[in-house]
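Novice: following is a predicted model, sequence given first.
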Amino acid sequence: MSMYDDIEKVLLTEEQIRARVKSLGAEMNAIYSDDDLPLLVCILKGAFMFLGDLTRHLNFRHELDFMEISSYGKSTKSSGIVRILLDLESSIEGRHVVIVEDIVDTGYTLDYILRNLGTRHPATLRVVTLLNKPSRREVEVPVDFSGFEIPDEFVLGYGLDYAEQYRNLPFIGVLKPEVYGKI
Ligand code: PRP
């Protein structure tokens, strides 16, 4: 059985993602210039693939850094309790910072990141996310560049996982219900 057999449907094809990531890059190219030298902050692990594609569409000079955030599990996620597993290498004081996320769901993770990075006095702090689930939002968060608004379904692929697997799928898909519990 291939992992592709576990997929019930493809929500966003490789081609749709490629086209939208390119146009998100164009939106950002219209905002930033070389002089800004923005720092893109990739939120691991889910955003690694999006970052890899997005950065190749940006025509202004920029730098990359990485941050990993963990919630204490789904049940406590609604309490907004998250912690930093990996922090930035660089200081962001006075820098133009762009947070790169794969998905904004309840908003708790992004809210935490924005508040945390906000205390470090960046010049500007913006957010780009590939996927956005506004119907799930529990805390209001600003999203400056948003790829796709998607319905409230559990999605994976293109960096997003189920039980740490399926991140390598080139599309965004939904698992067959019978797969849950088997992995
Ligand atoms: C996902 C995603 C966001 C967060 C969004 O990360 O990458 O960071 O959840 O959910 P929220 O809006 O409800 O807070 P996850 O905790 O699954 O970690 P991962 O990226 O390492 O898979």
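Specialist: Sure, I can see it.
Novice: so Thr106 sits against Pro134, correct?
Specialist: No. Contact criterion C-beta atoms under 8 Å: Thr106 and Pro134 do not qualify, at 10.8 Å. In this view, the C-beta of every residue, glycine as well, is placed from N, C-alpha and C.
Novice: what parts of this protein come near the ligand?
Specialist: Neighbours of the ligand within the chain, by C-beta under 6 Å from any ligand atom: 43-46, 71, 77, 101-110, 161.
Novice: now the terminal residues of stretch 124-140, how far apart.
Specialist: Counting by C-alpha to C-alpha, to the nearest Å, you get 19 Å between the two ends of stretch 124-140.
Novice: give me the mean pLDDT for that stretch.
Specialist: Stretch 124-140 carries an average pLDDT of 97.
Novice: what about it, distance to the chain center?
Specialist: 9 Å (C-alpha atoms, centre = their mean, to the nearest Å).
Novice: same question for stretch 86-106.
Specialist: With C-alpha atoms, centre = their mean, you get 10 Å for stretch 86-106.
Novice: please renumber so the chain begins at 893
Specialist: Noted, 893 is the first residue going forward, which turns the last one into stretch 978-998.
Novice: quick one on the thing from earlier: now the residues of the chain next to the ligand: which count as buried?
Specialist: Applying a neighbour-count criterion of 16 or more other C-beta atoms under 10 Å, the buried members of the residues of the chain next to the ligand are 935-938, 963, 969, 993-1002.
Novice: quick check: longest helix of the protein.
Specialist: Longest helix in the chain, counting residues (DSSP state H): helix 906-921.
Novice: for it, name the packing helices and strands.
Specialist: Judged by 3 or more C-beta pairs under 8 Å, 6 or more residues apart in numbering; DSSP states H and E, helix 906-921 is in contact with helix 940-947, strand 1016-1024, strand 1037-1041.
Novice: deepest in the core, which of the ones you listed is it.
Specialist: strand 1016-1024 (a mean of 22; mean count of other C-beta atoms under 10 Å).
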